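In: return a 3D structure for these sequence lines:
(chains A, B, C and D)
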There are 2 protein chains.
Amino acid sequence: MREIRRIDDRQGVGRARLSALAVLYFGGECSLSQLAETEMVSRATMHHVVNGLEREGYVTRTPDLKDARRQIIRLSAEGTRAIKAAHAERIDYLRHIAEDVDPGELAAAVRILDHLRNRSRARPEQK
Amino acid sequence: MREIRRIDDRQGVGRARLSALAVLYFGGECSLSQLAETEMVSRATMHHVVNGLEREGYVTRTPDLKDARRQIIRLSAEGTRAIKAAHAERIDYLRHIAEDVDPGELAAAVRILDHLRNRSRARPEQK
DNA sequence: GTTCATTGTTAGCAAAGCTAACAGAATCTT
DNA sequence: AAGATTCTGTTAGCTTTGCTAACAATGAAC
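Out: Numbers count the residues shown, from 1 in each chain, chains lettered A, B, ... in the order given. Here you go, the predicted model:
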């Protein structure tokens, strides 16, 4: 939904960057490759995204002591603040447009959406 | 959802371009500015998107006889085929991940989503 | 007729995406 | 142990998708 994008844009972070921050926030630290996989983009793309996030101070990168090829990407305090703020804005907006919907019906719809999302992640692109 | 993006990517059209094709398919011909407004991007952005679509043969541009500043953007036969194919793939995919959901519950959830979308369009970004 | 608003376009920039290729580290095979 | 293969992050080159600013032409308002 384009409207959600406009809400997100208010954070001034960038779409792909915000999405990566969300992965870190909800899923915890991970490697660059794992981020790329979760976000379904190439490693090269995620490399650029993380570079931008690091430059802006939203994430830190440290070597993975268990595998010298890898690096661990973590949210910084600033990154945590940014994703929390973005999340709050989204929730606020969604609450507003849903304010005339019956709470029970809304909860049921959310449950189904969650289910569909889990299904899509279990089998991402197959038909 | 990233998975939907991957499904859409299969058409080889490009995200913003496919979205613009959808606006034309479901809403009919319109001007470049109207497209930009509906898609919530700048006119300059939509200018680029439409350029790409025209170059690939998906849309045609003709002067608006009622206003010499404007041009009418229309789907070509190829554009219609592309958006139909993309739409069918999306539906197919969504059907697949929803196949274990009760049809009545799914219909209810879809109704609520439609309602929320209408609400978001009536008041795009206000809180 | 003049001023202001609308429309599409250009220019310059950054972000976000891809593939290909590479180097170094880790794992597998012999 | 040595060589082959895989994994990881990086660079390079390209395209697409976004933005703002500025402009010229057209249309509307005064």
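In: would you mind listing what in chain A touches DNA strand C?
Out: By the criterion of Cβ under 7 Å from any atom of the strand, the positions of chain A lying close to DNA strand C are A:14-17, A:19, A:39-45, A:48-49, A:52, A:67-69. All C-beta spots, glycine's among them, are computed from the backbone N, C-alpha and C.
In: of the residues you listed, which count as buried by neighbour count?
Out: A:14, A:16, A:17, A:19, A:39, A:41, A:49, A:52 (16 or more other Cβ atoms under 10 Å in any protein chain shown).
In: dump the worst-scoring helix or strand of chain A on mean pLDDT to CSV, restricted to CA.
Out: Counting by mean pLDDT, DSSP states H and E, the weakest-scoring helix or strand in chain A turns out to be helix A:2-9, with a mean of 84. The C-alpha coordinates for helix A:2-9 follow below in CSV (Å, rounded to 0.1, in the frame of the first residue of the first chain):
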residue,chain,number,x,y,z
ARG,A,2,1.4,3.3,-1.1
GLU,A,3,0.0,5.1,1.9
ILE,A,4,2.0,3.0,4.3
ARG,A,5,5.0,3.9,2.2
ARG,A,6,4.3,7.5,2.8
ILE,A,7,4.0,7.0,6.5
ASP,A,8,7.3,5.1,6.6
ASP,A,9,9.0,7.7,4.5
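In: now do the SS call for the residue most central in space within chain A.
Out: Closest to where the C-alpha atoms of chain A average out (Cα atoms, centre = their mean) is residue A:22, at 2.6 Å. For residue A:22, the secondary-structure state derived from DSSP: H, G, I helix; E, B strand; the rest coil is helix.
In: who in chain A is up against DNA strand D?
Out: Within chain A, the positions lying close to DNA strand D (Cβ under 7 Å from any atom of the strand) are A:31-33, A:43-44, A:47-48, A:50, A:64, A:67, A:69-71.
In: now, those residues that are in helices?
Out: Where the residues of chain A next to DNA strand D overlap with helices, as defined by DSSP state H, the overlap consists of A:32, A:33, A:43, A:44, A:47, A:48, A:50.
In: turn the residues you listed into TSV, including distance to residue B:10.
Out: Compiled in TSV, those are given as follows (distance: Cβ to Cβ, whole Å):
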residue	distance to residue B:10
A:32	26
A:33	24
A:43	21
A:44	21
A:47	25
A:48	24
A:50	27
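In: so which of the residues you listed comes closest to residue B:99?
Out: Using Cβ to Cβ, residue A:33 is the member of these that sits closest to residue B:99, with 31.6 Å.
In: so what's the residue count around the closest one?
Out: Residue A:33 sits with 14 neighbouring residues when counted by other Cβ atoms under 10 Å in any protein chain shown.
In: what does residue A:55 give?
Out: Neighbouring residues of residue A:55 were enumerated by other Cβ under 10 Å; the total is 9.
In: quick check: of the ones in helices among the residues of chain A next to DNA strand D, which lies closest to residue B:104?
Out: Distance to residue B:104 across these (Cβ to Cβ) is lowest for residue A:33, with 41.9 Å.
In: wait, what's in contact with that closest one?
Out: Taking Cβ atoms under 8 Å, 6 or more residues apart in numbering or on different chains as the definition of contact, the neighbours of residue A:33 are A:43, A:46, A:70.
In: how about the secondary structure of residue A:60?
Out: Applying three-state DSSP: residue A:60 is strand.
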